[in-house]
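In: Quick one: sequence plus predicted model below, questions after.
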Amino acid sequence: MTKHPPNRRGISFEVGAQLEARDRLKNWYPAHIEDIDYEEGKVLIHFKRWNHRYDEWFCWDSPYLRPLEKIQLRKEGLHEEDGSSRCFLVLLPSLECSGAVLAQCSLDLLGSSSPPSSAS
């Protein structure tokens with residue numbers, strides 16, 4: 001009997017779909033779906049920029065699969081809470097050279113055409 005993939009927010013169960021998967025060492029990496037086994041309810045995951053020998057089958061309801069947006073939000077310092085998007089600015093340590101503090105801030109605000117700010 002053919003199974004149907006679960007309805008998981010942010011994950012499209014089709015060949016080529018982008019997502020994030022956890023490897024055996026418990027690290028999360030960008031990946032995509034290489035193949036789907038509808039009989040077993042599994043997807044073959046290929047970790048981006050890895051050799052295909054590391055491709056791995058996951059049950060499609062596995063907690064080791066999650067939407068790719070999570071990694072993008074983390075990289076940009078944005079977090080999602082309770083289904084609503086909220087933006088947070090992440091401040092990094094400054095670089096000090098010869099007594100001068102160098103800093104640069106790049107904010108991409110909706111509807112803003114202002115260039116990135118910098119200070120020295």
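Out: Cool, got the structure.
In: so Arg66 makes contact with Leu19?
Out: Yes. The pair Arg66 / Leu19 is scored as a contact, 6.7 Å apart, by Cβ atoms under 8 Å. No exception for glycine: its C-beta is placed from N, CA and C like everyone else's.
In: Need the residues touching each of the two.
Out: 10-11 (Cβ atoms under 8 Å, 6 or more residues apart in numbering).
In: what sits against the closest residue to Trp60 other than its chain neighbours?
Out: Nearest non-adjacent residue to Trp60, counting by Cβ to Cβ, 6 or more residues apart in numbering: Pro5, 4.8 Å away. Neighbouring residues of Pro5 by Cβ under 8 Å, 6+ apart: 13, 36, 41, 43, 60.
In: Go through those and flag which are in strands.
Out: 36, 43 (DSSP state E).
In: With respect to pLDDT, which of the contacts of Pro5 ranks lowest?
Out: On pLDDT alone, Trp60 ranks lowest of these, at 90.
In: give me the number of residues near that one?
Out: Trp60 has 20 neighbours, counted by other Cβ atoms under 10 Å.
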